[in-house]
Every structure is written in structure tokens, then in C-alpha cells.
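>>> predicted model and sequence follow; I will ask about them next.
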Amino acid sequence: MSENTNEGVLTGALATDRKDAWWVGPLLTAMGLGAFGVYSTIRAFANADYEWGPYLSPFYSPLIRIPGLNVSPAFLILWAPAGFRATCYYYRKAYYRAFFQHPTACAVNEIHGHSYRGETSFPFIFQNIHRYFMYVAVLFIGILWYDAISAFFFPAADGTRHFGMGLGSLIMVVNVLLLGSYTFGCHSLRHVIGGKMDCFSCTSFGKVQHKTWLGVSWFNNRHMLFAWCSLFSVGLTDFYVWLCATGRINDFRFF
Ligand code: FES
């Protein structure tokens, strides 16, 4: 309930003068992240139907099976992409608003009053670990490229592999392209590549560095777009592998 004080300032939770539908963004974010969180958790616990032919679900890549360890391989690796996304600058803004209402939105009163102190104190100060997750995420892009290329080599009955292309091969390539577009638009990466520099022409390799920085900046300007596209593509790639592995569909083979 909002009230007008003598000074004309609205008070109370969610009070605002805004006339636009400011709540639509946080609502869609909560629905999207919530759905992905539920789906990925179910699939990680499943510990089954994550590979078919040359296809491997990104939830299980790299595939690490430790004999005698009765744990889903997904849990051995998912901490890396999950940590990278959870500490991402864009996602932080998104889920602070969608789930914590802290802050709620620009020019909208918070449910919690004005106690938001950003990431300068416990527990959110740990979000600064993002710069280290970034290096691991870049490594994962290399691993997922290996999976995407392997998806073109189908196993034969005699144990050899032969070149071919199925719908799953294309899905895995699109997935890693979108994941790369998200990862290489990271704010931390942009800082490392050149965002911290005042003068590109003052260093050796300054031209190359400047061009690389411009490329990263191009992805960085579209970071939110690629954050969502890559999130959906990871889920859809896993879903496609699951459909094939459980025999619900046959992989469409081009050749
Ligand atoms: Fe989003 Fe680094 S800021 S991935």
C-alpha cells in the first residue's frame, strides 16, 4: 500500500510514480530462470539418457565418471557453468530484481526498505569471484567445441566412426556458438582484454588488442540477449539428446 507524504513522496512497499509495466521484466525473468533451474536440477539428478550416438548433453560435459563414486557426473562439473552464470553481472541484476526484490526496479520502492548496499559487504561481496569463473568458462567453451565436432562422427557397429550430420550435430554447433557469444561478451573478459587500458597505441600489440577489445565489446553490448539465448539452447540441446536417448524420436540424419 502506498501513501503520499506531505512532501509528495510515495512511501510503502513497491510504491512508484511509474506508469509503465515495470513488473513484466522481473516476472518473465523469474519464470524463465525458475523453469530452467527446475529442468536442469531434474536432469542433473537423472544421471541417465545424457548421451546418444555421438551426442553428449552439455549438462554432462566434460563427462567424468569416477568408478565407485555413486554421484551423477553432472554434479562434478555443473558448479562451473552454474557459478559463472550466478555471478554474471547481467544475471545478478536480473535475479536480484526477480527473486529478491532487492532492489525491485528503478524508481520503485523496495519491499525491504532501503537497506540495499550492493556488493560491498557479506554475502554479495563473494560475487567478485566471477572474474575467476570466467577463466573456467572459457575452458568449457573449448570442451564444448570438441563435443560439437565429435557430434559429426557417428559410431558404427564395427567400433569405427564415420562422418555424418544429424539434426543433433547442428543443434550442438548452434549451442556452442551461442554459449561462446555469451562467454566472450563477459564484462570481466572485456576488462582483461582491454577495458582496463587508457592507451592502446602506447603498448606493443596495441592494435591487435584494440581490435580484440572491440570484438568483445560487440558481444558485451548484446550480453543480455546471448545470456538468454544460450540458456535456452543449453536446455534444448539436453532435451534433444534426451529425446533421442529415450527413443522418443529418431535423430534426423541429413547424410
Ligand atoms: Fe556476464 Fe561475465 S558478466 S558472463
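Nice, thanks for sending it over. Numbers count the residues shown, from 1 in each chain.

>>> can you pull out the helices in the chain?
24-46, 73-77, 79-86, 89-95, 130-150, 167-183, 187-190, 206-221, 223-245 (DSSP state H).

>>> most packed of these?
helix 167-183 (a mean of 21; mean count of other CB atoms under 10 Å). Every residue, glycine included, has its C-beta placed from N, CA and C.

>>> what number of residues lie near Pro54?
Neighbourhood size, Pro54 [other CB atoms under 10 Å]: 21.

>>> OK, contacts around it?
By CB atoms under 8 Å, 6 or more residues apart in numbering, the residues touching Pro54 are 150-155, 161, 168-169.

>>> how much space between it and Asn175?
Pro54 is 14 Å from Asn175, where distance means CB to CB, to the nearest Å.

>>> again, but for Lys207
Distance from Lys207 to Asn175, by CB to CB: 33 Å.

>>> next one: Gly235
From Gly235 across to Asn175, the span is 10 Å (CB to CB).

>>> again, but for Ser188
22 Å.

>>> and the residue of the stretch 101-250 of the chain that's closest to the ligand?
Using CB to the nearest ligand atom, the single residue of the stretch 101-250 of the chain nearest to the ligand is Cys186, 3.1 Å away.

>>> first vs last residue of stretch 150-165, how far apart are they?
11 Å (CA to CA, to the nearest Å).

>>> look up how far the ligand lies from the closest residue to Phe99 other than its chain neighbours.
Distances taken as CB to CB, 6 or more residues apart in numbering place Ala30 nearest to Phe99, at 6.2 Å, with adjacent residues excluded. In this view, Ala30 and the ligand are 19 Å apart by CB to the nearest ligand atom, to the nearest Å.

>>> near the ligand, which residues of the stretch 151-255 of the chain are found?
186-188, 223 (CB under 6 Å from any ligand atom).

>>> now those in JSON lines, with pLDDT and distance to Ile129?
Output for those, formatted as JSON lines (pLDDT from 0 to 100; distance: CB to CB, whole Å):
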{"residue": "Cys186", "pLDDT": "98", "distance to Ile129": "13"}
{"residue": "His187", "pLDDT": "97", "distance to Ile129": "14"}
{"residue": "Ser188", "pLDDT": "97", "distance to Ile129": "10"}
{"residue": "His223", "pLDDT": "98", "distance to Ile129": "19"}
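
>>> what's the most distant pair in these?
Largest separation among these by CB to CB: Ser188 and His223, giving 11.4 Å.

>>> what bridges to the closest residue in space to Gly168 that isn't next to it in sequence?
Leaving aside its chain neighbours, Gly168 sits nearest to Tyr55 (4.6 Å; criterion: CB to CB, 6+ apart). Assessed by DSSP bridges, Tyr55 has beta-bridge partners Trp52.

>>> next, count neighbours for the closest residue to Asp251 other than its chain neighbours.
Spatially, and ignoring its direct neighbours in sequence, Asp251 is nearest to Gly166 (4.4 Å; CB to CB, 6+ apart). Per other CB under 10 Å, the neighbour tally for Gly166 reads 23.

>>> for Gly166, give me its contacts.
With contact taken as CB under 8 Å, 6+ apart, Gly166 is in contact with 53, 55, 151, 154, 251-254.

>>> so which of those residues are in strands?
Judged by DSSP state E, strands contain the following of the contacts of Gly166: 55, 154.

>>> could you pull up the residues touching Arg253?
Shown in contact with Arg253 (CB under 8 Å, 6+ apart): 164-167.

>>> and which of the residues you listed is nearest Lys93?
Nearest member of the contacts of Arg253 to Lys93, counting by CB to CB, is Leu167, at 35.0 Å.

>>> report the separation between the spatially closest residue to the closest one that is not a sequence neighbour and Phe154.
When the adjacent residues along the chain are set aside, Leu167 lies closest to Phe252, with 4.1 Å between them (CB to CB, 6+ apart). To Phe154, Phe252 is 13 Å away according to CB to CB.

>>> would you mind listing what in the stretch 1-150 of the chain touches the ligand?
Residues of the stretch 1-150 of the chain lying near the ligand by CB under 6 Å from any ligand atom: 88-90, 130, 134.
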